[in-house]
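[1] Predicted coordinates and the sequence they were generated for:
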Amino acid sequence: QGGTRAILAAVQAHIITYLLFTRDTECTHLERLCRLGRHEQGQALATALAETLWAAGGGGRAIVCLVTAPVTTVPREGCRASSFTDRIRLFEFSEKAAAQGFISDHISCFKGEGSHGVILFLYSLLFSRTLER
């Protein structure tokens, strides 16, 4: 029940908070939401993702998961072809600004059509928080 709605709702709350109260602009609160370009939308999403991952990492680290290109080699006998999970690569950051910059540079991996952005973010949350915690 619910699927990805809980994750999306949490990210949307961070985006709205950023757009209304954190973003540096001369516009009033309501104008901040009305005057938004594509770049600013991506920046708001990157900030929300980085803030959430940083909090999950206890304020000391964030791990971002991205999918590498599909493997084009034929698997050995007895092995299966690489799945989505097998192609995930982890990027660890010890500074929140570095994590946010990296996410901003790779924002299309989280918001593009067919990008698996929600599952990548969920994996990033799990690795940032650690399985023990």
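    Perfect, I can see it now. Numbering: from 1, shown residues only.
[2] any idea which helix or strand of this structure has the worst average confidence?
    Lowest by mean pLDDT, DSSP states H and E among the helices and strands of the chain is helix 29-34, with a mean of 68.
[3] which residues sit in contact with Ala50?
    By Cβ atoms under 8 Å, 6 or more residues apart in numbering, the contact list for Ala50 reads 62, 96, 99-100, 103. C-betas here are computed from N, CA, C, even on glycine.
[4] just checking, which of the residues you listed belong to strands?
    Among the contacts of Ala50, the ones falling in strands (DSSP state E) are Ala62.
[5] I'd like the contacts of Ala50 as TSV, with neighbour count and pLDDT appended.
    Shown next, in TSV, are the contacts of Ala50 (neighbours: other Cβ atoms under 10 Å; pLDDT from 0 to 100):
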residue	neighbour count	pLDDT
Ala62	30	97
Lys96	19	95
Ala99	26	97
Gln100	22	95
Ile103	27	96
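[6] tell me the two of the contacts of Ala50 that are most distant?
    Greatest spatial distance among the contacts of Ala50 (Cβ to Cβ): Lys96 and Ile103, at 10.5 Å.
[7] show me where the chain has helices.
    Secondary structure of the chain (DSSP state H): helices at 5-17, 29-34, 38-56, 96-105, 108-111, 117-129.
[8] what about Gly37, how many neighbours?
    Taking other Cβ atoms under 10 Å as the neighbour definition, Gly37 ends up with a count of 8.
[9] mind checking how far it is from Gly101?
    Distance of Gly37 to Gly101, given as Cβ to Cβ, to the nearest Å: 19 Å.
[10] And for Gly3?
    30 Å.
[11] which of the two has more neighbours?
    Taking neighbours as other Cβ under 10 Å, Gly3 and Gly101 compare with Gly101 leading, 14 against 8.
[12] how about the helices of the chain in JSON lines, adding distance to Leu66?
    Below are the helices of the chain laid out as JSON lines (distance: least, Cβ to Cβ, whole Å):
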{"stretch": "helix 5-17", "distance to Leu66": "17"}
{"stretch": "helix 29-34", "distance to Leu66": "29"}
{"stretch": "helix 38-56", "distance to Leu66": "12"}
{"stretch": "helix 96-105", "distance to Leu66": "9"}
{"stretch": "helix 108-111", "distance to Leu66": "5"}
{"stretch": "helix 117-129", "distance to Leu66": "7"}
